[in-house]
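Undergrad: Okay, sequence plus prediction incoming.
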Amino acid sequence: MTFPPESFTHLLVTTTADGVRTITLNRPDRLNAVNPLLADELPMAMHHAAQDDAVRVVVITGAGRGFCAGLDLAERGQLDATSRATRLDPYYWVGRWVQSITTCEKPVIAAVNGAAAGAGFGLALACDLRLLSASATVTAGYVRRGLSPDAGVTWFLPRLIGHARATDIILTGRDVRAEEADRIGLATAVYPEDVFSDSVHRYAAQLAAGPPLALALSKRLLLASPEATLDAQLREEFTHIKSCFASADVREALAAFKEKRAPTFEGR
């Protein structure tokens, strides 16, 4: 089925019966580069996904042969035409992408089917998991255009792969192929191009079958951990696991274990 009911210009949004919502950036003629309308639409789609209990997992991917080529420099005039206050807002354009993904308390997967560059790279980094096609490449790329990074690249990348590797990738602007991304921990998994879509869906559906409350609380803990002290993190873990123990999902998991069957989680 298609959701939400209002149509998007630059997104395709579908939800499968197993609770996987796929948001496809749909500007294939521009390698799904970001223009003002696409920058508006993705946070809207993420908000809908976050609020819909039928959605268990969100997958973000790109139409055609690219994931997202970053800011569409051909439409930069639209950015220059905005007010000074808007241009100085860190959550304008792709900053809102990052916030909409990190505040969604459901697993968000970047299905990187092709090139992810600049803000498109930042979009993939902001997701909880990155599944790459074997033919995909990722790049910060900003320095090639005389730019410094945005879209959270300098926040996410060092935390994922370490400061030294992140510095190399950002300052050189070089391409990182899927094989290297897998080796350095940037990719969660790499799949052959001919089975990429099916492999992504199987991975997402497996996550979607999990306990929604536990997944949401785990995502909260993971996002908070880089800035937390060990003592603070232990306290937060204890608080959240108590919430889980009080849930119907834990009772279901224990019953399923005794009955030697797969649990059916409802997020209660």
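TA: Structure's in. What do you need?
Undergrad: is it true that Gly66 touches Val112?
TA: No. Applying CB atoms under 8 Å as the test, Gly66 and Val112 come out as separate, 9.5 Å apart. Any C-beta I mention is one placed from the backbone N, CA and C, and that applies to glycine too.
Undergrad: More neighbours: which of these two?
TA: Neighbour count, other CB atoms under 10 Å: between Gly66 and Val112, Val112 has more, with 32 against 23.
Undergrad: so how far is Glu227 from that one?
TA: In this view, Val112 and Glu227 are 27 Å apart by CB to CB, to the nearest Å.
Undergrad: Ramachandran angles for Phe67?
TA: Main-chain torsions, Phe67, degrees, to the nearest 10: phi -80, psi -60.
Undergrad: just the helices in the stretch 151-268 of the chain please.
TA: Using DSSP state H, counting those that start in this stretch, the helices found in the stretch 151-268 of the chain span residues 153-161, 163-172, 178-183, 196-208, 212-224, 230-245, 248-259.
Undergrad: How far away from the center of its chain is the first one?
TA: Okay, so that is helix 153-161. Taking CA atoms, centre = their mean, to the nearest Å, one finds the center of helix 153-161 at 14 Å from the center of the full chain.
Undergrad: what comes up buried for that helix?
TA: Buried residues in helix 153-161, counting neighbours by 16 or more other CB atoms under 10 Å, are found at Val153, Thr154, Trp155, Phe156, Leu157, Pro158, Ile161.
Undergrad: got it, and the second one?
TA: Of all the residues in helix 163-172, those buried under the rule 16+ other CB under 10 Å are Arg165, Ala166, Ile169, Ile170.
Undergrad: State whether the second one and Trp155 are indeed in contact, as I suppose.
TA: Which is Ala166. No. When contacts are counted by CB under 8 Å, Ala166 is not listed as touching Trp155 (10.0 Å).
Undergrad: Can you list the residue ranges for strands in this structure?
TA: 11-15, 20-25, 57-62, 66-68, 108-112, 115-117, 129-133, 137-139, 176-177, 189-191 (DSSP state E).
Undergrad: Format these as TSV; extra columns: mean pLDDT and distance to Leu223.
TA: Output for the strands of the chain, formatted as TSV (pLDDT from 0 to 100; distance: least, CB to CB, whole Å):
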stretch	mean pLDDT	distance to Leu223
strand 11-15	95	24
strand 20-25	97	20
strand 57-62	98	15
strand 66-68	97	22
strand 108-112	98	11
strand 115-117	97	21
strand 129-133	98	13
strand 137-139	97	21
strand 176-177	98	24
strand 189-191	98	21
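Undergrad: Quick one: residues contacting the residue nearest to Thr14 when sequence neighbours are not counted.
TA: In space, and not counting its chain neighbours, Thr14 is closest to Thr22: 5.2 Å by CB to CB, 6 or more residues apart in numbering. Contact analysis of Thr22 by CB atoms under 8 Å, 6 or more residues apart in numbering lists Leu12, Val13, Thr14, Thr15, Thr16, Val58, Val59, Ile60, Thr61, Ala111.
Undergrad: Mind listing the residues bridging to Thr22?
TA: Thr14, Val59 (DSSP bridges).
Undergrad: how much space between it and Gly114?
TA: 16 Å.
Undergrad: again with Leu157
TA: 20 Å.
Undergrad: ok, now Asp29?
TA: 13 Å.
Undergrad: With Leu171 instead?
TA: Relative to Gly114, Leu171 is positioned 24 Å away (CB to CB).
Undergrad: Could you tell me how far stretch 15-26 lies from the centre of the chain?
TA: Using CA atoms, centre = their mean, the offset of stretch 15-26 from its chain centre is 13 Å.
Undergrad: tell me which residues of it are tucked away?
TA: Across stretch 15-26, burial judged by 16+ other CB under 10 Å covers Thr15, Thr16, Gly19, Val20, Arg21, Thr22, Ile23, Thr24, Leu25, Asn26.
Undergrad: okay, among those, which ones form the most distant pair?
TA: Among the buried residues of stretch 15-26, the pair separated by the greatest distance (CB to CB) is Gly19 and Asn26, at 22.1 Å.
Undergrad: Would you indicate which residues of stretch 96-104 are buried?
TA: Arg96, Trp97, Val98, Gln99, Ser100, Ile101, Thr102, Cys104.
Undergrad: That'll do, ta.
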